[in-house]
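Undergrad: predicted model and sequence below, questions to follow.
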Amino acid sequence: MPYNYSKLSGRIVEVCGSRAGFAQKMHLSERSISLKMSGKIAWTQKDISQACTVLSIEASEIPDYFFALKVR
(Lines give C-alpha, C1' and ligand atoms only; values in the text may rest on other atoms or scores of the structure.)
Protein backbone atom coordinates (compact mmCIF):
# COMPACT_ATOMS: atom_id res chain seq x y z
CA MET A 1 0.00 0.00 0.00
CA PRO A 2 1.74 3.19 -1.15
CA TYR A 3 1.74 6.22 1.13
CA ASN A 4 1.84 9.89 0.18
CA TYR A 5 4.65 11.64 2.06
CA SER A 6 4.23 15.06 0.40
CA LYS A 7 3.03 16.71 3.62
CA LEU A 8 5.96 15.16 5.50
CA SER A 9 8.37 16.32 2.81
CA GLY A 10 7.07 19.87 3.10
CA ARG A 11 7.44 19.82 6.88
CA ILE A 12 11.01 18.51 6.55
CA VAL A 13 11.97 21.42 4.29
CA GLU A 14 10.11 23.92 6.50
CA VAL A 15 11.80 22.80 9.73
CA CYS A 16 15.17 21.40 8.63
CA GLY A 17 15.78 23.15 5.32
CA SER A 18 16.45 19.90 3.43
CA ARG A 19 16.34 16.13 3.65
CA ALA A 20 20.06 16.22 4.40
CA GLY A 21 19.45 18.40 7.45
CA PHE A 22 16.61 16.14 8.55
CA ALA A 23 18.76 13.03 8.11
CA GLN A 24 21.45 14.58 10.28
CA LYS A 25 18.96 15.42 13.05
CA MET A 26 17.52 11.89 12.81
CA HIS A 27 21.03 10.34 12.98
CA LEU A 28 20.30 8.48 9.74
CA SER A 29 21.91 8.58 6.32
CA GLU A 30 20.37 10.60 3.51
CA ARG A 31 19.96 7.29 1.67
CA SER A 32 17.87 5.85 4.53
CA ILE A 33 15.61 8.91 4.49
CA SER A 34 15.30 8.67 0.70
CA LEU A 35 14.32 4.99 0.89
CA LYS A 36 11.74 5.71 3.60
CA MET A 37 10.27 8.66 1.68
CA SER A 38 9.99 6.58 -1.50
CA GLY A 39 8.30 3.71 0.36
CA LYS A 40 11.08 1.23 -0.38
CA ILE A 41 11.65 0.66 3.35
CA ALA A 42 9.16 1.23 6.14
CA TRP A 43 9.22 3.87 8.83
CA THR A 44 9.64 2.15 12.20
CA GLN A 45 7.76 3.28 15.29
CA LYS A 46 11.06 4.60 16.65
CA ASP A 47 11.67 6.57 13.42
CA ILE A 48 8.18 8.07 13.51
CA SER A 49 8.51 9.03 17.16
CA GLN A 50 11.90 10.65 16.58
CA ALA A 51 10.69 12.43 13.43
CA CYS A 52 7.74 13.84 15.38
CA THR A 53 10.14 15.26 17.95
CA VAL A 54 12.47 16.74 15.32
CA LEU A 55 9.60 18.18 13.26
CA SER A 56 7.28 19.17 16.15
CA ILE A 57 4.46 16.95 14.91
CA GLU A 58 1.70 16.22 17.43
CA ALA A 59 0.66 12.60 17.98
CA SER A 60 -2.79 13.38 16.61
CA GLU A 61 -1.17 14.49 13.31
CA ILE A 62 0.83 11.28 12.72
CA PRO A 63 -1.74 9.76 10.32
CA ASP A 64 -1.66 12.90 8.14
CA TYR A 65 2.13 12.77 7.81
CA PHE A 66 2.92 9.03 7.80
CA PHE A 67 -0.21 7.15 6.71
CA ALA A 68 -1.87 9.26 4.01
CA LEU A 69 -2.61 6.97 1.08
CA LYS A 70 -1.59 7.85 -2.46
CA VAL A 71 -4.57 8.53 -4.69
CA ARG A 72 -4.46 6.75 -8.00
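TA: Now that the structure is in, tell me what you want to look at. Numbers count the residues shown, from 1 in each chain.
Undergrad: spatially nearest residue to residue 5, not counting backbone neighbours?
TA: Computed as Cβ to Cβ, 6 or more residues apart in numbering, the closest residue to residue 5 that is not its neighbour in sequence is residue 37, at 5.2 Å. (Each C-beta comes from the backbone N, C-alpha and C, glycine too.)
Undergrad: now stretch 37-56: buried residues?
TA: 37, 43, 47, 48, 50, 51, 52, 54, 55 (16 or more other Cβ atoms under 10 Å).
Undergrad: now do stretch 6-14
TA: By neighbour count with 16+ other Cβ under 10 Å, stretch 6-14 contains the buried residues 8, 11, 12.
Undergrad: and for stretch 60-70?
TA: Taking 16+ other Cβ under 10 Å as the criterion, stretch 60-70 shows 65, 66 as buried.
Undergrad: pull the distance from that stretch to the chain's centre.
TA: From the chain centre to the centre of stretch 60-70 is a distance of 10 Å (Cα atoms, centre = their mean, to the nearest Å).
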